[in-house]
Structures are given as C-alpha cells and as structure tokens.
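Chemist: Please find the sequence and the predicted model below.
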Amino acid sequence: MDFSHMSFEQFKSRFSSEDHCIQYIFHMKWPKGFICPRCSHRHAYTTKTRRLPLYECGQCRYQASLTSGTIMEGSRTELYKWLLAIFLVSRTDEGTTATGLSSLIQVTYKTAWLILHKIRSMIQNSDTQNPLSGSVRIHSAIYGRPFNPSVHRHPQEHLLLVGSSSSEANESNYLKIKHVQLPTPKDRHISRNEIHIFRKQHIETDTQNVEIVTGFYTPKRLRPLIEIARQASNWINHTFHGLGTKHLQAYLDEFCYRRNLTTRNISIFVHLSQLCFPKTGVHIII
C-alpha cells in the first residue's frame with residue numbers, strides 16, 4: 001500500500017481499529033508468518049484474552065508479545081496512536097512537534113514527547129549503522145542566527161559538519177549533518193580532532209576518497225552541501241521555532257533521514273515502520 005500520498009484523515013480511516021493495527025504490525029514483524037524467536041518453529045497459538053494478542057509457540061511454548069522488541073514495548077498507549085505518530089513523522093512537507101502530536105492523537109504532552117523521542121531514537125540508531133562510503137565530501141556550516149563574521153562564535157551559532165557520500169556517477173546517495181560541540185564556547189574553528197572523530201564515527205574505515213573543507217571563506221566550498229545545511233536550518237526554525245544544543249542533533253538526523261529516503265524513492269512510513277517494528281535479527285539499511 002502506498003502511504004506517501006495519503007492524507008492524515010485517510011490514514012486514520014485506514015487504521016481506524018486496533019485490529020487493523022495489529023494486522024499491520026504482525027506483518028511487519030513476521031512478513032512470512034509467525035517464526036518463534038527461540039526455536040524458529042512456524043506455528044503459534046494465539047491468546048486474545050489480553051488487550052494485545054500473545055503468540056505461544058506450538059513447539060517450545062515460548063510466548064511472544066506483538067510489541068516485544070518494538071518501540072511500543074511496555075506502553076499502554078493505543079497502537080493506532082503510535083502508527084499515527086509514525087505517519088506524521090514520515091511526512092516530508094512539515095515536521096511534527098510534541099504539542100501538535102498531543103492534540104492530534106489526544107494524549108498528554110509528556111506522552112507525545114516520549115513517543116517522538118523513541119521514534120527519533122530509532123532514526124538515530126539507523127544512522128549510526130549506515131556510515132558514509134565511496135566518494136565522501138565534508139564541509140563546515142552553521143546553524144542559528146545571527147551569523148557572526150568574526151573570529152569568535154556567537155552563542156546562537158552552532159557549528160555543523162555536513163557529509164555526503166557519492167556514487168560513481170557523482171550523485172549524492174547518503175547525507176549526514178552532525179553538530180560539532182567544541183570545548184571552548186567562543187571558538188569557531190573546527191580542529192583536526194573533531195574531524196578525526198567525525199571520520200571515525202561516520203565514515204567507513206577503508207574509505208580513501210575523502211575531501212574535507214572546514215574554512216568558512218575558502219573558495220573550495222561546495223554550494224550544494226551549504227544549501228542542504230541551510231534547508232535543514234530553515235526546516236528546524238519553521239517547525240520547532242529554533243533549537244538549542246541539547247536536542248539539535250536528533251532533529252538534524254530526522255531531516256537527513258527523510259531526505260536520504262526521498263532521494264532513493266523509498267517509502268518513509270514503511271521504512272520507519274521497519275525500524276520501529278523490526279523483524280528479529282534483521283538490520284534495516286537505507
């Protein structure tokens with residue numbers, strides 16, 4: 001099913017009952033039918049006396065919950081509200097705030113914030129497992145205003161490293177934007193140590209073709225990467241009305257996640273569902 005062109009009301013209608021949600025999540029966890037996590041037996045007895053079904057392996061009697069191993073494990077929030085939250089996060093036209101989500105799915109602000117935090121944690125975990133490779137270009141950028149054209153950094157300026165890996169056809173196939181937090185608050189020079197940390201954490205070890213430009217006024221700067229950083233900043237400012245240091249990285253990762261999937265024509269909702277309701281022992285790759 002194509003979720004990319006669904007409106008919010010159409011999506012609500014599609015998952016109007018818990019049974020519809022159960023069927024979808026079951027299919028995401030076991031697309032070829034139930035497989036016991038312990039013994040790989042393919043038959044289970046279903047217990048439906050609880051709020052959510054419990055699947056008992058017909059061979060070893062292991063009991064598998066529908067939500068075990070998912071972001072919903074231990075949550076009392078209805079399944080359709082989780083799916084609505086995932087759908088809202090997957091939209092490319094705008095972001096989703098905890099205040100807005102709280103109103104749309106009728107939960108407290110605290111619950112909405114926790115749901116979004118868990119979804120963004122899955123996005124961040126996915127990003128850490130997908131390093132840059134091939135031909136890699138890295139450039140410095142700044143999030144926040146005002147831009148201070150001096151040797152010192154303004155308190156509202158946040159230094160970024162924008163990294164992109166390209167295919168043999170020189171097409172960008174994966175993007176990362178990382179917040180660089182320097183030990184000296186007023187420093188605006190990204191040192192070799194920060195570059196080393198970025199390479200170690202976000203680029204495949206055997207990658208040879210890496211170009212790094214950190215000077216803000218060098219003519220070697222690539223405008224496409226600077227423009228992407230500007231788009232990320234505009235999206236954050238428009239949706240969340242600016243961010244501080246604490247949560248900036250999570251929102252940068254969310255921006256990159258949607259962009260990476262969109263450029264590959266991959267359904268964001270389906271991919272995000274795979275992250276949130278993973279098949280046992282499967283690593284989801286973008």
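Modeler: Done, it's in. Numbering: from 1, shown residues only.
Chemist: Break down the chain into its helices, ranges please.
Modeler: Along the chain, the segments classed as helices by DSSP state H run 8-14, 18-29, 79-90, 98-105, 109-128, 192-202, 223-240, 245-263, 268-276.
Chemist: which one of the ones you listed is the most hemmed in?
Modeler: helix 79-90 (a mean of 22; mean count of other Cβ atoms under 10 Å). C-betas here are computed from N, CA, C, even on glycine.
Chemist: which residues touch that helix?
Modeler: Contacts to helix 79-90, defined as Cβ atoms under 8 Å, 6 or more residues apart in numbering, come from residues 3, 6, 8, 11-12, 15-18, 20-22, 24-25, 52, 71-72, 75, 95-96, 100-101, 104-107, 112, 115-116, 119-120, 254, 258, 268-269, 272-273, 276.
Chemist: Excluding covalently adjacent residues, which one is nearest to the residue nearest the centre of the chain?
Modeler: Compute the mean C-alpha point of the chain, and by Cα atoms, centre = their mean the closest residue is residue 123, 2.4 Å away. Counting by Cβ to Cβ, 6 or more residues apart in numbering, residue 123 lies nearest to residue 257, which is 4.8 Å off, once chain neighbours are set aside.
Chemist: Contact partners for the spatially closest residue to residue 122 that is not a sequence neighbour?
Modeler: Distances taken as Cβ to Cβ, 6+ apart put residue 275 closest to residue 122, at 4.4 Å, once the chain neighbours are dropped. Each residue near residue 275 by Cβ under 8 Å, 6+ apart is listed here: 122, 123, 125, 126, 284.
Chemist: And those, which two are furthest apart?
Modeler: 123 and 284 (10.9 Å; Cβ to Cβ).
Chemist: Need the outlier residue of the protein, farthest from its centre.
Modeler: Distance to centre of the chain, Cα atoms, centre = their mean, peaks at residue 59 (37.3 Å).
Chemist: phi, psi of that residue?
Modeler: Residue 59 has phi and psi values of phi -100, psi -60 when expressed as degrees, to the nearest 10.
Chemist: residue contacts, it?
Modeler: Counting by Cβ under 8 Å, 6+ apart, the residues that residue 59 touches are 36, 39, 41, 43.
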